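S.K.: Give me a model of this one.
(chains A and B)
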2 protein chains.
Amino acid sequence: MVKSSSNILKNVSTDCVIFGFDNADIKVLLVKLAVDPGKGEWALPGSNILYDEDLDVAAKRVLCEFTGLENVYMEQLQSFGKTSRFPLFRVITIAFFALLKIEDYSLEPGPKVTETQWHSINKLPKLPFDHNEIIETARKRLKQRVRIRPIGFELLPQKFTLTQIQNLYESILNIKLDTRNFRKKLLNLKILIDTHERQKGVAHRAAKLYKFDKRKYNKLKEQGINFEL
Amino acid sequence: MVKSSSNILKNVSTDCVIFGFDNADIKVLLVKLAVDPGKGEWALPGSNILYDEDLDVAAKRVLCEFTGLENVYMEQLQSFGKTSRFPLFRVITIAFFALLKIEDYSLEPGPKVTETQWHSINKLPKLPFDHNEIIETARKRLKQRVRIRPIGFELLPQKFTLTQIQNLYESILNIKLDTRNFRKKLLNLKILIDTHERQKGVAHRAAKLYKFDKRKYNKLKEQGINFEL
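M.R.: Numbering: from 1, shown residues only, chains lettered A, B, ... in the order given. Next up is the predicted model:
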């Protein structure tokens, strides 16, 4: 899709915060910029919105152009518009975010980037513009979310261990949880089904595999929970 | 504050959803537009953001210019940017919202409006652009919020009756609640203090007055609740 540059909204961009889970840790997808401003720095995939393009369409297009990721459903986070945020002229950015399973997607750096890479959310480099702040805001949204909704359905394999789901929560919250307490509270939600199977291919102490009760999961997602951790 | 029109970001505006509570009902502040597009129609207070203006500053300025309301703290809702939303050219709007006590503020229509008025959220007229959708999104945010946080501290008088707080919830949710059930759940939150006083100036059956336990209220606000209604 080639558009002439006159079609660009000069003062409005979109930035994409893509969180990925690899069954152990939450990561953020960053791109190394090939052009200024920010040349050579790790940053969020982001670019101008086009004049005749809806916001969610723009976010999808930009993400694909920068990283090769296609058809990622992103949710709007919020706008960031401090007058000082971009060095050359005024740009207000509308940030979107998504959480996905890293293994399900392959990356392909676009023309404006030299590299794409998953970075652990707890060890991010200093990013240009206000990108660290944008990621921090997205992370806060996730943190709020894990306390009021069940999460994991889109992120875990169909059958998963309690350790995997605990890793997910610990990585988002950046704290160590008490395993016994966490499991008790999690099982109390009654959204897990014991598959009566165990992990395969592990040397010893193969853990039990669970899956989500999709109906109950969706009910709690709608109704809300109070998941005190 | 007079700014030349060259200072305007032509493609970005802000719209303000001001919810007001009058102890009985949730209302939305609308202005009757004095100029086209939308001349003569009720709409949200909204206008372009200036080149050198932060987003929250723009929202405050626009609200004040249209309605006379000063120093209202607004929270960002989200951006609305469908290509078709504005008839003349592309305008992406960043919506902000606030909840306030109607009696604490007085209105003064600015030069671009002929009238300002509080409209019941459950009887809104058809508004121009996507303003009905913006209000609906803000209302959804409020609806989610009442289920996961205590509300009312900023909206109710210092001492209030259980009927007043039930009116607040019913008005946001647009449903009738079972009084006995609602009161039981509310009292279970342990955020209300019985003042041992009763309403004054009512003919008979003066109701008990309560106030919030501010410390517990703030704790629950932070920690989250699951207020199933």
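
S.K.: Provide a list of residues in contact with residue A:137.
M.R.: A:77-78, A:80, A:95 (CB atoms under 8 Å, 6 or more residues apart in numbering or on different chains). In short, each C-beta sits where N, CA and C put it, glycine included.

S.K.: Pick out the most distant pair among those residues.
M.R.: Greatest spatial distance among the contacts of residue A:137 (CB to CB): A:77 and A:80, at 8.8 Å.

S.K.: Overlap in contacts, the two.
M.R.: Between them, residue A:77 and residue A:80 share the contacting residues A:95, A:134, A:137, judged by CB under 8 Å, 6+ apart.

S.K.: what's the pLDDT at whichever residue of chain A sits closest to chain B?
M.R.: With CB to the nearest CB as the measure, residue A:226 is the residue of chain A nearest to chain B, at 3.7 Å. You'll see residue A:226 listed with a pLDDT of 76.

S.K.: For the longest strand along chain A, name the packing helices and strands.
M.R.: Among the segments of chain A that qualify as a strand by DSSP state E, the longest is strand A:8-21. Judged by 3 or more CB pairs under 8 Å, 6 or more residues apart in numbering or on different chains; DSSP states H and E, strand A:8-21 is in contact with strand A:26-33, strand A:46-50, helix A:55-67, strand A:92-101, helix A:131-148, strand B:8-21.

S.K.: Check the ones you listed for me: which has the lowest mean pLDDT.
M.R.: Minimum mean pLDDT among those: helix A:131-148, a mean of 92.

S.K.: now that helix, how far from the chain's geometric center?
M.R.: 10 Å (CA atoms, centre = their mean, to the nearest Å).

S.K.: neighbouring contacts of the following helix or strand past it?
M.R.: Per DSSP states H and E, the first helix or strand lying C-terminal to helix A:131-148 is helix A:162-173. Here helix A:162-173 makes contact (CB under 8 Å, 6+ apart) with A:21, A:23-26, A:121-122, A:139, A:142-143, A:146, A:151-152, A:155-157, A:176-177, A:179, A:182-183, A:186, A:207-208, A:210, A:229.

S.K.: pLDDT score for the residue in chain A sticking out farthest from the centre?
M.R.: Here chain A reaches farthest from its C-alpha mean at residue A:204, the gap being 32.7 Å by CA atoms, centre = their mean. Per-residue pLDDT puts residue A:204 at 80.

S.K.: isn't the residue of chain A closest to chain B right up against residue B:189?
M.R.: No. Using CB atoms under 8 Å, residue A:226 is not in contact with residue B:189, being 11.2 Å away.

S.K.: joint contacts of the two?
M.R.: residue B:225.

S.K.: My assumption is that residue A:187 lies in a helix; please confirm.
M.R.: Yes. The assignment for residue A:187 is a helix, going by DSSP: H, G, I helix; E, B strand; the rest coil.

S.K.: so what pLDDT did it get?
M.R.: 94.

S.K.: So what's the residue count around it?
M.R.: 13 (other CB atoms under 10 Å in any protein chain shown).

S.K.: residues in contact with the residue nearest to residue A:208 when sequence neighbours are not counted?
M.R.: Excluding its sequence neighbours, the residue lying closest to residue A:208 (CB to CB, 6 or more residues apart in numbering or on different chains) is residue A:198, at 5.8 Å. Residues in contact with residue A:198, defined by CB under 8 Å, 6+ apart, are A:206-209.

S.K.: One more pass at 10 Å, please.
M.R.: Residues near residue A:198 by CB atoms under 10 Å, 6 or more residues apart in numbering or on different chains: A:159, A:161, A:205-209.

S.K.: Also residue A:59?
M.R.: Residue A:59 neighbours (CB under 10 Å, 6+ apart): A:14-16, A:45-47, A:49, A:53, A:72-76, A:94-98.

S.K.: rewinding a little: specify the angle between the longest strand of chain A and strand A:46-50 in degrees.
M.R.: If you take axes from the mean of the first three to the mean of the last three CA atoms, to 10 degrees, strand A:8-21 sits at 130 degrees to strand A:46-50.

S.K.: List the strands paired with strand A:8-21, with their directions.
M.R.: Strand A:8-21 sits in its sheet next to strand A:26-33 (antiparallel), strand A:46-50 (antiparallel), strand A:92-101 (parallel), going by DSSP bridges.

S.K.: Show me the domain layout of chain A.
M.R.: If you go by automatic domain parsing, the domain ranges for chain A are A:5-147, A:149-223.
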